[in-house]
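Novice: just need the structure, nothing else, for what follows:
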Amino acid sequence: MRALSEHRRRRLAALLLAGVLAVLLAPLALAGCGGNTDPFSGLYWEPSTGRRIEIRREDDAYHLYYGRDQRSYEARRDGDRLIITEPMGGETVLRPGEAEGTLELVTGGKTTLLKPLPQHQ
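Specialist: Purely as a prediction, here's the structure:
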């Protein structure tokens, strides 16, 4: 008889643990399924050059890490654009592309497309 009650206690403890985990993990699941409304942060590649670009939001600023050496450029958000001030004057602009998840990189009057990279690459 005692083994049966111990079995029930273990089962109840397992159910309670599953319930607590479900409550704690629900916000994480939502964030991974479209909960992120930031159209810029992520990993991208530029098909025209083959370069990898990472955009991170850190506090109130964005940082763009570009190329093999992962050079860091600070960007500021202006509405639906990210603007990077170039060292010699001028600006580089990132804006959402026409295809979902893509970005357009505009520099020197030339526009190139950035495509998202899966997070594990």
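
Novice: Ser5 - that's part of a helix, no?
Specialist: Yes - when DSSP: H, G, I helix; E, B strand; the rest coil is applied, Ser5 is found to be in a helix.

Novice: residues in contact with it?
Specialist: By Cβ atoms under 8 Å, 6 or more residues apart in numbering, the contact set of Ser5 is empty. To be clear about C-beta, it is placed using only N, CA and C from the backbone, and glycine gets the same treatment.

Novice: so how far is Ile83 from it?
Specialist: Distance, Ser5 to Ile83, by Cβ to Cβ, to the nearest Å: 67 Å.

Novice: could you do Tyr66 as well?
Specialist: Tyr66 is 15 Å from Ile83, by Cβ to Cβ.

Novice: tally of neighbours for the closest residue to Gly108 other than its chain neighbours?
Specialist: The spatial neighbour of Gly108 that comes closest, neighbours along the chain excluded (Cβ to Cβ, 6 or more residues apart in numbering), is Gly90 at 7.2 Å. Gly90 has 11 neighbours, counted by other Cβ atoms under 10 Å.

Novice: contact partners for the residue most central in space within the chain?
Specialist: Against the mean C-alpha coordinate of the chain, by Cα atoms, centre = their mean, the closest residue is Gly42 at 3.6 Å. Shown in contact with Gly42 (Cβ under 8 Å, 6+ apart): Glu54, Ile55, Pro116, Leu117, Gln119.

Novice: go again with 6 Å.
Specialist: For Gly42, the contacting residues are Pro116, by Cβ atoms under 6 Å, 6 or more residues apart in numbering.

Novice: what bridges to it?
Specialist: Ile55 (DSSP bridges).

Novice: quick one: the residue nearest to Phe40 when sequence neighbours are not counted from Met88, how far?
Specialist: Once flanking residues are discounted, Phe40 sits nearest to Ile55: 5.0 Å by Cβ to Cβ, 6+ apart. From Ile55 across to Met88, the span is 22 Å (Cβ to Cβ).
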